[in-house]
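> next come a sequence and a model predicted from it.
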Amino acid sequence: MINLIKKKGINPQTKTTLYFPQWTRVATVDEKQLAKRMARGSTYSVGEISGVMQDFPAHIMDELLNGNAVRIDGLGTFKLRVSGRAKADVKDVSSAGCTVSVVFDPDAEMTARMNAEREFRFVTKPTEEGQLDADGDNTPTPTPTPAPSGGGDEG
């Protein structure tokens, strides 16, 4: 289920107040929680999954620094974006002042699945993690639903 808040905004042309739906998070799932969830019903232990997850960012960074994009099926592609100053003459272009950022493009399958989700709910209980709602309060959120129980090692 996708949780929404009613966000308040101003139309820059007409200066009128508008309200629109905006996603809000319930919580942030950390690496350990995700590893536990992935280990349920799996032949891999939480420790094995955590180990791979801890090494994962360094290997993505290495590949990006080697000039490669990194595509993970079902998730998306990581690549670099470099920004620098525009110059009128090609011989004046240099790397001085360039900034590099990592860009993530979600896989079409992921985007399609998120767009196919038709269960939305507007939530009203504040959380510490989110945006401000239309009334300027902390992001509303429901009481978290416990994760379904399953087999596998929890520790």
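Good, I have the coordinates. Residues are numbered from 1 along each chain as shown.

> now the strands for the chain?
Taking DSSP state E to define them, one finds strands in the chain at 2-10, 17-23, 70-72, 76-83, 99-106, 120-122.

> please identify the deepest-packed of those.
For the strands of the chain, average neighbour numbers computed from mean count of other CB atoms under 10 Å are highest in strand 2-10, which has a mean of 16. Backbone N, C-alpha and C define where each C-beta goes, glycine included.

> who does that strand touch, helix- and strand-wise?
With contacts defined as 3 or more CB pairs under 8 Å, 6 or more residues apart in numbering; DSSP states H and E, strand 2-10 has these neighbours: strand 17-23, strand 120-122.

> the strands of the chain: which one's closest to residue 43?
Taking CB to CB as the criterion, strand 70-72 is the member of the strands of the chain that comes nearest to residue 43, at 20.7 Å.

> run through the helices of this protein in chain order.
31-39, 46-65, 108-116 (DSSP state H).

> quick one: buried residues of the longest one?
Same thing as helix 46-65. Judged by neighbour count using 16 or more other CB atoms under 10 Å, the buried positions of helix 46-65 are 46, 49-50, 60, 64.

> so which of the residues you listed is the closest to residue 79?
Once CB to CB is applied, the member of those that ends up nearest residue 79 is residue 64, at 7.1 Å.
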